[in-house]
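Novice: Show me how the following folds:
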Amino acid sequence: MTTLNTVAPNNIPAIINDLTEKAKEYAAHNYSTNTIISYKKDWAAFELWCQAHNFTSLPTTITVLTLYITDLAEQNYKTSTIERKIYAITKLHKLSKQPLSLDENFRLVWQGIRRNKGISKVGKTPLLIRALRQILERISNHTNGGIRDRALLSFGWASAMRRSEIVALNWEDIAVIEEGLLVTITKSKTDQYAQGQKVAILNGRNPLTCPITNLNNWKKLSYKSVDLPIFTAINKSDVISDNRLSDRDVARIVQKWVRDIGFDHNNFAGHSLRSGFITTAAKHSVPDHVIMKHSRHKSAKMLEVYVKDNTLVVDNATSMVGL
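Specialist: The predicted model follows:
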């Protein structure tokens, strides 16, 4: 490795430039890939808006930014989306050493938008165990696509993993234990330094919903090497490829099958698997700390997002008044 101590003095400027570029690369790793993609899209949208209205995007002014978020609000963008766009724009200005100072007028407009639009987040509908059973009953076990989808849905649900974590798995990340499977998640949203997390998935009582059974059936068809992805694409001719599924593919598969059992697919997404398991566990009175160990939530407050509606049903007064 070349260091400043091992080069001639006249080569030091080149080494400094190289280290500077490497430092920028490491700084970029501070954000997840999806976050960077979102920020790039947000900035590109702002640039186009500025061009259409004859404004300068970099540097912009607080007045222009105020007009921009007002326009977004009028187009019925969610408050959370507008907030992300504000962050992306101000962050790029800060990185460009042209920081924006959000003045009182901007804050008044932004608070007004938040009050008018509301700040509650509308999440996707959780896929509960009854709906999962209905789906698995309808999926054919005589096609490669059907066997893969059975494995993906039952494994994704039982593991309570995020869709990005599911598709990132290789066969080498799965270890067989007496009670079922031990899954190693090499990197996740809450483990950005890739220390690794483990989740145990135990054998199910029902072969239809058992994630171990369904995954083994898929492995018999698709396994080639330990370093290849577990969940891969299948073409229209039902031929299995080595191409890894994306997190959007998980959402597409979930929506396909909820639509097949008569649900509105627009209310569901890939995250419905994770939220479905957590919500079902809460409905079955599984203690919060047990759910958190499996879902890898770091605080009970985060878990409340999933279980708060269930608390309204438990010991509800309307069930006690003789209706």
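Novice: Which neighbouring elements make contact with the longest helix along the chain?
Specialist: In the chain, assigned by DSSP state H, the helix with the most residues is helix 33-52. Applying 3 or more CB pairs under 8 Å, 6 or more residues apart in numbering; DSSP states H and E, we find helix 33-52 packed against helix 62-74, helix 79-95. Bear in mind the C-beta positions are built from the backbone N, C-alpha and C, glycine included.
Novice: Would you mark the buried spots in the first one?
Specialist: In other words, helix 62-74. 64-69, 72-73 (16 or more other CB atoms under 10 Å).
Novice: in the sheet, who's paired with the nearest residue to residue 244 once chain neighbours are set aside?
Specialist: In space, and not counting its chain neighbours, residue 244 is closest to residue 229: 4.0 Å by CB to CB, 6 or more residues apart in numbering. Beta-bridge pairing for residue 229 (DSSP bridges): residue 170.
Novice: show me what contacts residue 229?
Specialist: 167-171, 242-245 (CB atoms under 8 Å, 6 or more residues apart in numbering).
Novice: still on that earlier bit, which of the helices and strands packed on helix 33-52 has the lowest mean pLDDT?
Specialist: Ranked on mean pLDDT, the bottom entry among those is helix 79-95, at a mean of 92.
Novice: Check which helices and strands the helix or strand just after it is in contact with.
Specialist: Going down the chain from helix 79-95, the next helix or strand is helix 104-117, by DSSP states H and E. Here helix 104-117 touches helix 62-74, helix 79-95, going by 3+ CB pairs under 8 Å, 6+ apart.
Novice: how about those helices in JSON lines, adding distance to residue 279?
Specialist: Formatted as JSON lines, those follow (distance: least, CB to CB, whole Å):
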{"stretch": "helix 62-74", "distance to residue 279": "32"}
{"stretch": "helix 79-95", "distance to residue 279": "21"}
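Novice: Nearest to residue 123 among the ones you listed would be which one?
Specialist: When the helices and strands packed on helix 104-117 are compared by CB to CB, helix 79-95 sits nearest residue 123, at 11.0 Å.
Novice: Report the buried residues of that closest one.
Specialist: For helix 79-95, by 16+ other CB under 10 Å, it's 79, 82-86, 88-93.
Novice: wait, which of those is closest to residue 212?
Specialist: residue 84 (38.7 Å).
Novice: Please name the residues that touch that closest one.
Specialist: Applying CB under 8 Å, 6+ apart, the residues contacting residue 84 are 38-39, 42.
Novice: Which single one of the buried residues of helix 62-74 is nearest to residue 199?
Specialist: Nearest to residue 199 among the buried residues of helix 62-74, with distances taken as CB to CB, is residue 72, at 38.5 Å.
Novice: Verify the stated contact: the closest one with residue 82.
Specialist: Yes: under the criterion of CB atoms under 8 Å, residue 72 makes contact with residue 82 at 5.0 Å.
Novice: Out of the helices and strands packed on helix 104-117, the one nearest residue 217 is which?
Specialist: helix 79-95 (39.5 Å).
Novice: quick one: the closest one to helix 104-117, angle?
Specialist: Inter-element angle recorded for helix 79-95 and helix 104-117: 160 degrees (by axes from the mean of the first three to the mean of the last three CA atoms, to 10 degrees).
Novice: Let me know which of the helices and strands packed on helix 104-117 is the nearest to residue 219.
Specialist: helix 79-95 (38.9 Å).
Novice: Produce a PyMOL select command limited to the buried residues of the contacts of residue 229.
Specialist: Remark: buried members of the contacts of residue 229, expressed as a PyMOL selection using 16+ other CB under 10 Å:
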select buried, resi 167+168+169+244+245
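Novice: Name the nearest of the contacts of residue 229 relative to residue 198.
Specialist: Closest to residue 198, out of all of the contacts of residue 229 and judged by CB to CB, is residue 169, at 12.4 Å.
Novice: Against residue 154, how distant is that closest one?
Specialist: Distance, residue 169 to residue 154, by CB to CB, to the nearest Å: 14 Å.
Novice: Which stretches in the stretch 101-250 of the chain count as strands?
Specialist: Assigned strands in the stretch 101-250 of the chain, in chain order: 174-177, 180-185, 197-202, 232-234, 240-244 (criterion: DSSP state E, counting those that start in this stretch).
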